[in-house]
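Novice: curious how this folds, go ahead:
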Amino acid sequence: MIRSRDSDSIIILLQDVLRSSSSSGFVIGLSGGIDSSVAATLCVRAAGCDHVQGFFLPSAVTPSQDADDVTLLAEFLQIPVLTIPIDPFIDQYRMMPGFTETSYLVGNLMARIRMTILYYYANQMNRLVCGTSNYTEYVLGYCTKFGDNAADVQPIIHLQKSEVWSIAEHLGIPHRLIEKTPSAGLWHNQTDENELGMKYDVIDAAISHLEEQGWEPRTLEEEWVVEKMQRAGHKQRPAPQVYR
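Specialist: From the prediction side, this is the model:
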């Protein structure tokens, strides 16, 4: 259960990161989903609405409802949102020799294009990129390396997906956003749980049990989580190098 002090500790972290970096605020990619909604709300609580710039970066496969949900969040937080369709950028990559059109490759490309745009504006505005990764997806490696897992600060990366929903309730985020089916929007009709092959509540329970058991799996669900972790470990570790 999320308590007031849980969100307070995140807000203190965000304020400390701003002070230590001498940055003027945050930029954040908004999808209309619960993770970016919670992260953006915490940024506003930490820095004020005048110091948070939202970006909506849709593609041809982005559901039309996402734009409405981003607008709802922006009105709730009273923050500006700049919309930049990313299809023209993707089309330029399609001109590369040997370009292959698959959902997996283009989906990862979209995530990295979006992060490049966020960092451009962060540099321009002397702001920090706020990440939107949660603990459940981080553990599983359900993210794009140097895409959606890249950021200057990750305020909710210690929270399981179920805890993100809980803190959203605590923060008073509009229920339409809380009840929305999680989706990365990487292709038509994509949902996170369908792609993962397991419900978030089942995954979160397995992760909690594994933490209590020293990461020794005892059930099929826990074995599935450990296998995902092992395969995606490179996303969590620094690039291998020879140390001087």
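Novice: which residues touch the residue nearest the centre of the chain?
Specialist: Closest to where the C-alpha atoms of the chain average out (C-alpha atoms, centre = their mean) is Thr132, at 2.9 Å. Thr132 makes contact with 28-29, 31, 35-36, 39, 148, 151, 156, according to C-beta atoms under 8 Å, 6 or more residues apart in numbering. Every C-beta, even on glycine, is put in place using the N, C-alpha and C of the backbone.
Novice: can you pull the phi/psi pair for it?
Specialist: Dihedral pair for Thr132: phi -130, psi 20, per degrees, to the nearest 10.
Novice: try Asp69
Specialist: phi -70, psi -40.
Novice: surely it and Leu177 touch.
Specialist: Yes: counting by C-beta atoms under 8 Å, Leu177 is a contact partner of Asp69 at 5.9 Å.
Novice: just the buried positions in the longest helix seen in the chain, please.
Specialist: Secondary structure of the chain per DSSP state H: the longest helix is helix 103-125. Neighbour counts using 16 or more other C-beta atoms under 10 Å place 106-115, 117-119, 122 of helix 103-125 among the buried residues.
Novice: list just the nearest of those to Asp16.
Specialist: Ala122 (17.9 Å; C-beta to C-beta).
Novice: if we can go back for a sec, in CSV, list the buried residues of helix 103-125 along with distance to Tyr138 and pLDDT.
Specialist: Shown next, in CSV, are these (distance: C-beta to C-beta, whole Å; pLDDT from 0 to 100):
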residue, distance to Tyr138, pLDDT
Val106, 23, 94
Gly107, 18, 92
Asn108, 17, 94
Leu109, 21, 96
Met110, 19, 96
Ala111, 14, 95
Arg112, 17, 97
Ile113, 21, 98
Arg114, 18, 98
Met115, 16, 98
Ile117, 22, 98
Leu118, 18, 98
Tyr119, 20, 98
Ala122, 21, 98
